[in-house]
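Student: Show me how the following folds:
(4 chains)
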Protein chains: 2
Amino acid sequence: MPQTDIARIRRFNRAVTTETGALDQSFLGRGRPLGAARVLNAIGPEGRAVSDIRTLLDLDTGLLSRLLRGLEAEGLIVVTEDEDDKRRRVANLTEAGQQEYEAYEALSNARAERLLARHPHPERLLEAMDLIASALGRDRIEIVETDPEDPHAQSAMEAYYRDLSARLSMGFDPAKAARLDASDMRPPRGTFLVAMADGLPVGCVGLKGTDKGYGEIKRLWVAPSSRGLGLAKRMMQSAETHARAAGITTLRLDTNSVLPEASTLYRRTGWTEIERFNDDPYPDLFFEKRV
Amino acid sequence: MPQTDIARIRRFNRAVTTETGALDQSFLGRGRPLGAARVLNAIGPEGRAVSDIRTLLDLDTGLLSRLLRGLEAEGLIVVTEDEDDKRRRVANLTEAGQQEYEAYEALSNARAERLLARHPHPERLLEAMDLIASALGRDRIEIVETDPEDPHAQSAMEAYYRDLSARLSMGFDPAKAARLDASDMRPPRGTFLVAMADGLPVGCVGLKGTDKGYGEIKRLWVAPSSRGLGLAKRMMQSAETHARAAGITTLRLDTNSVLPEASTLYRRTGWTEIERFNDDPYPDLFFEKRV
DNA sequence: CATTTTATCTGACTAATGTCAGCAAAAATA
DNA sequence: TATTTTTGCTGACATTAGTCAGATAAAATG
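Tutor: Predicted coordinates for the structure are as follows:
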């Protein structure tokens, strides 16, 4: 690796560690050791099981137990038995705990906000952050089955439509197509898969069940920050597995030649081009695959 | 700030803290507490004054003193008196210390290298890192007087030429122009200023002394990652100050209309367009300013 | 139902980090 | 030259973080 590349990464590391160091300092300003602050943050307004906190923060059982005891003594949390499994315990914020939690939130939001506010191109900065977050967490992208009307699924689809209308020169009316087939992309007929990276959607694909003897793949999308990581392939494989499980033997899809990456992917993964099989105005390429 | 922007920044923060946490873990693998490892790293192959280490790592005098004692006992460093100021002390790595230092370097380089290697667009990743490092450290950009043949100055100028030939459609031969006026951009006739952000050059400008009754501004460049921060303006102001100090009363410069940001800046900061005053083929706009 | 596993807690430590007062030598300043 | 400031060291502590070996109760397993 060239010397300057190393220097650039080093500079990034220094900048980022100073920044997180400064945030930690400001957290300490609230008079609580960092460990306790982190636990409070991990619990969050929804509450969280003790075992989850442990895996999340990678803490020793003893250490965590004592930190929880401390927060309890401060009156910030209550730890109660889990009803389903009485070995497990769940931590929840009290009224006072909520306030403390929000104070910490405000501290980090303020830093984030200041950073964005003083930057000439906030969106560029956010995109750079997305890119790096994806690069660092590439093996942490999870593909999860989601209801097509779930907010994450919706926001992924909206991004897909934005991308599409940016690439297609002709006008494009997403709202119409969107509502039409939501019900066909739910089990048991079909499914909708969202790729989640650390809580944010970075990709999606829909499997639509039909009565015409074949299933359809719809809305394959990958966020710009996560492209080139083979995510589309992973999602397609997952969709095919779901199709087989749903008893579908033939899959079809349509796409547009302004998205050459897509057709390349299809050709490389066993799809064959076929004649137009619908009268949708947007696509101009049609594929089929037996699964 | 919109909810999703916050989520994006949060995701970035999580990704980055897990990454630095993992690096810290791998540092711990060398059997030395983090504090000591950090001190060893701060000393570096060139050695460093104890007081500098203290401000760099923000350590208590007592704590640092003990950490140094520990490293000394391990035979990794020697701490000697500063010759100029006998109160101060300077830490230097021993043979064994160099080896340990390099082992730590190798650990972080390996992480950096792996990150770059597995990314589909390493250059995009590095640019994103530069952007973020600049955004985080924007008040840490320093303008320093540098010899035009210094490596930092050279690499800034090379970047300038790359930028220029990318924008100019016609061919461009930097080597010729480059060598010509290096000696005119040294005190007392002129100067060369480099904007340094945490050890890396992110901008430059040259002030060239001539015998024609005016000085010339040359090679104004700002790295893409640092654009929009008002750096060009700061560098120009600094160059003008140097010009006044060198007894120059009139400044001239040439530029090209393919760089509209540049001419806008000049017009806004008191420069007036004049007739062509040289026969250089590349520029097509000429400015003058009294200082 | 006996045994094993899981989830959590407690006590007893060790290691690491952080803080503070006081000291001594050298340098800077009045 | 007397005084103040700077630099770094040491000792004495306090706090935080991390580890480990039981102990207990509930759930899972055979």
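Student: what's the single longest helix in chain A?
Tutor: Identified as the longest helix of chain A according to DSSP state H is helix A:3-28.
Student: helices and strands around the helix or strand just after that one, which ones?
Tutor: As assigned by DSSP states H and E, the chain's next helix or strand after helix A:3-28 is helix A:34-43. Here helix A:34-43 touches helix A:3-28, helix A:50-57, helix A:61-73, strand A:89-93, helix A:95-117, going by 3 or more CB pairs under 8 Å, 6 or more residues apart in numbering or on different chains; DSSP states H and E. For the C-beta atoms, the positions are set from N, CA and C on the backbone; glycine is no exception.
Student: Show me where the stretch 51-200 of chain A dips below the pLDDT cut-off.
Tutor: For the stretch 51-200 of chain A, residues meeting the criterion pLDDT under 70 lie at A:138-139, A:169-181, A:198-199.
Student: what's the neighbour count on the residue of it at minimum distance from chain B?
Tutor: Using CB to the nearest CB, the closest approach of the stretch 51-200 of chain A to chain B is made by A:P120 at 3.1 Å. Residues within reach of A:P120, counting by other CB atoms under 10 Å in any protein chain shown, total 11.
Student: To which secondary structure element type does it belong?
Tutor: coil (DSSP: H, G, I helix; E, B strand; the rest coil).
Student: what are the phi and psi angles of it?
Tutor: phi -70, psi -30 (degrees, to the nearest 10).
Student: residues in contact with it?
Tutor: B:R227, B:G228, B:L229 (CB atoms under 8 Å, 6 or more residues apart in numbering or on different chains).
Student: What average pLDDT does whichever strand or helix holds A:T264 get?
Tutor: Assigned by DSSP H and E, A:T264 falls within helix A:260-268. Mean per-residue pLDDT for helix A:260-268: 89.
Student: which residues are in contact with it?
Tutor: Residues contacting helix A:260-268 (CB under 8 Å, 6+ apart): A:L220, A:A232, A:K233, A:M236, A:L253, A:T255, A:S257, A:E273, A:L285, A:F287, A:K289.
Student: Quick check on those: which are buried?
Tutor: Buried residues within the contacts of helix A:260-268, counting neighbours by 16 or more other CB atoms under 10 Å in any protein chain shown: A:L220, A:A232, A:M236, A:L253, A:T255, A:L285, A:F287, A:K289.
Student: Can you tell me the element the fourth one falls in?
Tutor: Put plainly, it is A:L253. strand A:250-255.
Student: now could you export just the CA positions of that strand as PDB?
Tutor: Only the C-alpha atoms of strand A:250-255 are listed here, as PDB (Å, rounded to 0.1, in the frame of the first residue of the first chain):
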ATOM      1  CA  THR A 250     -40.100 -20.300 -12.300                       C
ATOM      2  CA  LEU A 251     -39.100 -16.700 -11.600                       C
ATOM      3  CA  ARG A 252     -39.400 -13.700 -13.900                       C
ATOM      4  CA  LEU A 253     -38.300 -10.100 -13.600                       C
ATOM      5  CA  ASP A 254     -38.100  -7.000 -15.700                       C
ATOM      6  CA  THR A 255     -35.500  -4.300 -15.800                       C
END
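Student: Not counting it itself, show me its contacts.
Tutor: A:213-218, A:220, A:240, A:243, A:262-263, A:266, A:271, A:274, A:276-278, A:280, A:283, A:285-291.
Student: circling back: give me the angle between the helix holding A:T264 and strand A:250-255.
Tutor: 160 degrees (axes from the mean of the first three to the mean of the last three CA atoms, to 10 degrees).
Student: for helix A:260-268, which positions count as buried?
Tutor: In terms of neighbour count (16+ other CB under 10 Å), helix A:260-268 has its buried residues at A:A262, A:S263, A:L265, A:Y266.
Student: What of stretch A:134-142?
Tutor: By 16+ other CB under 10 Å, the buried positions in stretch A:134-142 come out as A:S134, A:A135, A:L136, A:G137, A:R138, A:I141.
Student: which non-adjacent residue is nearest the last one?
Tutor: By the measure of CB to CB, 6 or more residues apart in numbering or on different chains, the closest residue to A:I141 outside its immediate chain neighbours is A:A197, 4.7 Å from it.
Student: what's the one you found in contact with, if anything?
Tutor: A:A197 neighbours (CB under 8 Å, 6+ apart): A:A133, A:S134, A:G137, A:R140, A:I141, A:E142, A:S226, B:R11.
Student: Identify those among those residues that sit within strands.
Tutor: Judged by DSSP state E, the contacts of A:A197 include A:I141, A:E142 as members of strands.
Student: ok so, going back, bridge partners for the residue nearest to A:I141, pull those for me.
Tutor: Beta-bridge pairing of A:A197 under DSSP bridges involves A:I141, A:L200.
Student: Repeat that for A:A49.
Tutor: Beta-bridge partners, per DSSP bridges, of A:A49: A:V90.
Student: residues near it, how many?
Tutor: For A:A49, using other CB under 10 Å, the count is 15.
Student: wait, it sits on A:R89?
Tutor: Yes. Using CB atoms under 8 Å, A:A49 makes contact with A:R89 at a distance of 7.2 Å.
Student: Between the two, which contacts overlap?
Tutor: A:D82.
Student: hang on, A:E127 in a strand?
Tutor: No. Checked against three-state DSSP, A:E127 lies outside a strand; its state is helix.
Student: For the residue lying closest to it once chain neighbours are set aside, give me its contacts.
Tutor: In this structure, A:E127 finds its nearest non-sequential neighbour in A:S225, 6.7 Å apart by CB to CB, 6+ apart. Counting by CB under 8 Å, 6+ apart, A:S225 touches A:E127, A:D130, A:L131, A:A133, A:S134, A:V202.
Student: One more pass at 10 Å, please.
Tutor: By CB atoms under 10 Å, 6 or more residues apart in numbering or on different chains, the residues touching A:S225 are A:126-135, A:197, A:200, A:202, B:8, B:124, B:128.
Student: Ok, A:A36 next?
Tutor: Per CB under 10 Å, 6+ apart, neighbours of A:A36: A:F27, A:R30, A:R66, A:L67, A:L68, A:G70, A:L71, A:E74, A:L76, A:E100.
Student: how close does it sit to A:E105?
Tutor: 16 Å (CB to CB, to the nearest Å).
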